[in-house]
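Q: below are the sequence and a predicted model; questions follow.
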Amino acid sequence: MTDAKIDRRLSVAPMMDWTDRHDRRFLRILSARTLLYTEMVTAPAVLYGDREKLLGFDALEHPVACQLGGSDPAELAEAAAIVERVGYDEINLNVGCPSDRVQNGFFGACLMADPARVRDCVDAMARAVSIPVTVKSRIGIDGRESYEELLRFIDTVAQSGCSTFIVHARIAILSGLSPKENREIPPLKYDVVRRLKADRPQLEIVLNGGVKDLDQAEAILAEDDDGPALDGVMIGRAAYQDPYILAEADRRLFGRSDAPVKTRHQVISDLLPYVRKSLDRGVALHHITRHILGLFNGRPGARKWRRYLSENAYSAEAGVEVIEQAAALVPDDRDAARSGAA
């Protein structure tokens, strides 16, 4: 594993059924710097499934990481080598998903009970590739909720050479809660993640969980009474439901004062060539438009935008004109964006 540096100040979380290649290509228009992640892909699926469907991506998505799920070191190493050949910038091991399906496959959050296995999986992947291998976990699971157990997990996995941990600041309750409930019911404990950074300053610690906007992200990236500044922030559902929150990320979080802040209509204009190209490849329009429904969230005309797309994108003949006609129903926000940038 190389020491290739990826700027993780802001990333968008891997989310099943959401962060596919079309969503990532759309989000890249909003921010050139934010690190993007695939949906979780299991190692066996990579080895035996449709790799183009599972791993294909547009070169403009970089920087982009692939999240793998699994618990067999040999399988994960083979899958990681394939992922690297495809061209991804990072491989992330899922040790945070609490779903029953994932538990039945013995991967995801339940692996926090077996830190030695996680260490061996990461070590095998790191030996197979030259790109970074990272781990995404919770702060604990039911029955293993103490800070000492979290520290033991991190220290054991770090023996593999892994130096980057993305930590969802909630425990995962594996018995009795659904994945949705696991995103909402266990309390957020940002202080635990800051304490981890204070105790292991040599590690890169990225916080995930409950982050809603760039104001909150900036606060997390700064030192506070609970501990030192963290190395990065991962935004999940907020970036999907209200994607325009990423529009100022390059300026505010990555220090790129020259980065343009595109209006929502400019974002649509920039997306259309990709839409045309995808339609030519046989992609149905609604596979793309489902990801852009939230673009005008909170703006006048947002409901008309969502409704028009929802009612017209499913036609077999639907083309880019559906997006153009939906956008025409929404007032242009160019003046508002200019004043915001100023």
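A: Noted; the coordinates are in hand.
Q: tell me the spacing between the nearest residue to L293 once chain neighbours are set aside and D191.
A: Of all residues not flanking L293 in the chain, R306 sits nearest, at 4.9 Å (Cβ to Cβ, 6 or more residues apart in numbering). Just so you know, the C-beta spots here come from the backbone N, C-alpha and C atoms, and that holds for glycine as well. R306 sits 38 Å away from D191, taking Cβ to Cβ, to the nearest Å as the criterion.
Q: which one's more surrounded, the two?
A: Shown here are R306 and D191; by other Cβ atoms under 10 Å, R306 has more neighbours (18 against 14).
Q: three-state assignment of that one?
A: What DSSP: H, G, I helix; E, B strand; the rest coil gives for R306 is helix.
Q: that one against R290, yeah?
A: No. The pair R306 and R290 does not pass the contact test of Cβ atoms under 8 Å, sitting 10.4 Å apart.
Q: tell me how many other residues crowd G56.
A: G56, neighbours per other Cβ under 10 Å, totals 11.
Q: who's in contact with the nearest residue to it once chain neighbours are set aside?
A: If the residues on either side of it in the chain are set aside, G56 comes closest to R21, at 6.2 Å by Cβ to Cβ, 6+ apart. With contact set as Cβ atoms under 8 Å, 6 or more residues apart in numbering, R21 has these partners: 56-58, 61.
Q: just how off-centre is the longest helix seen in the chain within its chain?
A: For the chain, the helix with the greatest residue count under DSSP state H is helix 264-280. Chain-centre distance of helix 264-280: 22 Å, with Cα atoms, centre = their mean, to the nearest Å.
Q: do stretch 97-114 as well
A: The answer for stretch 97-114 is 19 Å, by Cα atoms, centre = their mean.
Q: got the domain boundaries for this protein?
A: The record assigns the chain these domain ranges, following automatic domain parsing: 10-246, 264-341.
Q: most tightly surrounded among those?
A: domain 10-246 (a mean of 19; mean count of other Cβ atoms under 10 Å).
Q: ends of it, what's the gap?
A: Length of domain 10-246, first residue to last, Cα to Cα, to the nearest Å: 9 Å.
Q: rewinding a little: tell me the one among the contacts of R21 nearest to L285.
A: D58 (17.0 Å; Cβ to Cβ).
Q: identify the residues contacting the closest one.
A: So D58 contacts 21, 24-25, 274 (Cβ under 8 Å, 6+ apart).
Q: adding pLDDT, secondary structure and distance to M16, write the contacts of R21 out as CSV.
A: As requested, those are exported to CSV (pLDDT from 0 to 100; DSSP: H, G, I helix; E, B strand; the rest coil; distance: Cβ to Cβ, whole Å):
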residue, pLDDT, secondary structure, distance to M16
G56, 96, coil, 17
F57, 96, coil, 17
D58, 94, coil, 20
E61, 97, helix, 18
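Q: can you add distance to V122 and give the residues you listed back as TSV?
A: Listed next are these as TSV, based on distance: Cβ to Cβ, whole Å:
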residue	distance to V122
G56	25
F57	23
D58	28
E61	24
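Q: which one of those is nearest G282?
A: Looking across these and measuring by Cβ to Cβ, the closest to G282 is G56, at 13.1 Å.
Q: one step back: how about JSON lines for the contacts of D58, with distance to A169 added?
A: Shown next, in JSON lines, are the contacts of D58 (distance: Cβ to Cβ, whole Å):
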{"residue": "R21", "distance to A169": "28"}
{"residue": "R24", "distance to A169": "24"}
{"residue": "R25", "distance to A169": "29"}
{"residue": "Y274", "distance to A169": "34"}
